[in-house]
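Chemist: sequence and predicted structure below; questions after.
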Amino acid sequence: MSVNNFDCGVCGQSTKKEITKYNPSIWIEHSMFTGCEIECCTECGMGLISPAPNNDSLTTFYQEEYRHISSPFYLDFGRKYRSFYRDHRSISQLLLGLNYVDVKDGDGFLDIGPGPGASFREVVEIFGEKKMNLYAIELSNNASDYYNKFYGVKTFLNLDEVLDYTVKKPRLVLSSHSLEHFCLDEAKDFLRLLRSNVAEDGCCVFEVPHVDMRIHKDLRGGDDPHLMFFSRDALQKLFTNNGFEVLFIETCGRLYSQPRLSSQNISFSSNILKSIRQMIVKFAKAVPMLTTFFSGFARIRLKDDNFRYGGNRECLRLVVRPSHID
């Protein structure tokens, strides 16, 4: 269904919008996602959930439900060990960003929504222990103690808290699969604040799902809990219209033509992987020398899809820096 006289909040064009039914696959009965639609700008391809949830509901959801033990995105932040595994997504994102910024000892690295904290492990692998000041914005309960214990990270609930705490502006910022969880107005406010508080010669790496409703309407998986759905054009315009210069933007990751897990299998597969990790940890604890073995075994695989760019792929990755103000 198309509607005329729609003013897009991203590209600013007065055009048509396409209406698509929102497809929850995990929180099927959650009031925030049931009965919703996705409004897509036919000009730039930006898709937005409608009606948009309010901020209080979102905060409660991410603090209490998103990482709950019953969720496929559950993380055991109470575990007593540091991850054995190398994270190819974080490695590829950081290596891309380092093409555009010269990071030195004592500079700040900020991860917006770090989840399991894999980026911090990889920053330490690249730069060494305690060489950089590490910061996180994360709402999940118990995450801050985990990040601090293993990586010396200071965790905050929002960007304002980060900026009040830090003396030097962060030089490298990463946001991996977090921006799509914002509502549009909040995303704009966040980017404008971020733009003013990144080092002038620093850069930010963002990655989001590539879901252009004009071409992926029948290829996408479940929509929840995402609130924004990005085409390449829409992602670029969101940043350029809010004070950033785009240095790099490209599709990345798995091709849409490759097999993918169905939403029904996500939880099952997560449980299997969790069981395997627990078994490995028990062996490593029983025979201490195995810890060194497993750490060496987790090598970087350059054939991993996270190092692939171009074509109709499932993610979008871009590097930006603040635009200079005359």
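Modeler: Cool, the structure landed. Note that the coordinates shown come from a computational prediction; the quantities given were computed from them, not determined experimentally.
Chemist: flag the shaky bits of the stretch 51-200 of the chain, pLDDT-wise.
Modeler: The stretch 51-200 of the chain contains no residues with pLDDT under 70.
Chemist: hey, where'd the helices end up in it?
Modeler: Secondary structure of the stretch 51-200 of the chain by DSSP state H, counting those that start in this stretch: the helices cover 55-64, 88-97, 118-127, 143-151, 159-165, 184-195.
Chemist: so which of those helices is the most packed in?
Modeler: Mean neighbours per residue, mean count of other Cβ atoms under 10 Å, is largest over the helices of the stretch 51-200 of the chain for helix 88-97, with a mean of 21. For the C-beta atoms, the positions are set from N, CA and C on the backbone; glycine is no exception.
Chemist: so what touches that one?
Modeler: Helix 88-97 has contacts (Cβ atoms under 8 Å, 6 or more residues apart in numbering) with 118-119, 121-123, 126, 172, 174, 176, 203-205, 207, 248, 252, 300-301, 304, 306-307, 317, 319.
Chemist: give me the buried entries from the residues you listed.
Modeler: With burial judged by 16 or more other Cβ atoms under 10 Å, the buried subset of the contacts of helix 88-97 is 118-119, 121-123, 172, 174, 176, 203-205, 207, 252, 306-307, 317, 319.
Chemist: just the ones of those in strands?
Modeler: Among those, DSSP state E puts 172, 174, 176, 203, 204, 205, 207, 252, 317, 319 in strands.
Chemist: check those and tell me the two furthest apart.
Modeler: The span of these, defined through Cβ to Cβ, is set by 172 and 252 at 18.4 Å.
Chemist: residue 27 contacts residue 224, correct?
Modeler: Yes: between residue 27 and residue 224 there is a contact at 5.1 Å, judged by Cβ atoms under 8 Å.
Chemist: what do those two both touch?
Modeler: Common contacts of residue 27 and residue 224 (Cβ under 8 Å, 6+ apart): residue 33.
Chemist: tell me how many other residues surround the closest residue to residue 71 other than its chain neighbours.
Modeler: Of all residues not flanking residue 71 in the chain, residue 65 sits nearest, at 6.7 Å (Cβ to Cβ, 6 or more residues apart in numbering). If you count neighbours by other Cβ atoms under 10 Å, residue 65 ends up with 15.
Chemist: so where do the strands sit in the stretch 1-150 of the chain?
Modeler: Along the stretch 1-150 of the chain, counting by DSSP state E, counting those that start in this stretch, strands occupy 2-7, 14-21, 37-41, 47-50, 108-112, 133-137.
Chemist: what's the closest of these to residue 157?
Modeler: The closest of the strands of the stretch 1-150 of the chain to residue 157 is strand 133-137. By Cβ to Cβ, the value is 7.1 Å.
Chemist: can you pull the contacts of the residue nearest to residue 71?
Modeler: Listed by Cβ under 8 Å, 6+ apart, the contact partners of residue 65 are 27, 30, 71.
Chemist: correct me, but the second one touches residue 24?
Modeler: Which is residue 30. Yes: with contact taken as Cβ under 8 Å, residue 30 and residue 24 are classed as touching, separated by 6.9 Å.
Chemist: which residues do the two both contact?
Modeler: With Cβ under 8 Å, 6+ apart, residue 30 and residue 24 have common neighbours residue 224.
Chemist: more neighbours: these two, which one.
Modeler: Ranked by neighbour count (other Cβ under 10 Å), residue 30 and residue 24 place residue 24 first, with 18 against 15.
Chemist: can you pull the contacts of the more buried one?
Modeler: 30, 33, 34, 36, 222, 223, 224.
Chemist: and the residues you listed, which of them are buried?
Modeler: 33, 36, 222, 223, 224.
Chemist: can I get those in JSON lines with pLDDT and distance to residue 50?
Modeler: Shown next, in JSON lines, are the buried ones among the contacts of residue 24 (pLDDT from 0 to 100; distance: Cβ to Cβ, whole Å):
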{"residue": "33", "pLDDT": "96", "distance to residue 50": "12"}
{"residue": "36", "pLDDT": "97", "distance to residue 50": "6"}
{"residue": "222", "pLDDT": "95", "distance to residue 50": "17"}
{"residue": "223", "pLDDT": "97", "distance to residue 50": "12"}
{"residue": "224", "pLDDT": "97", "distance to residue 50": "14"}
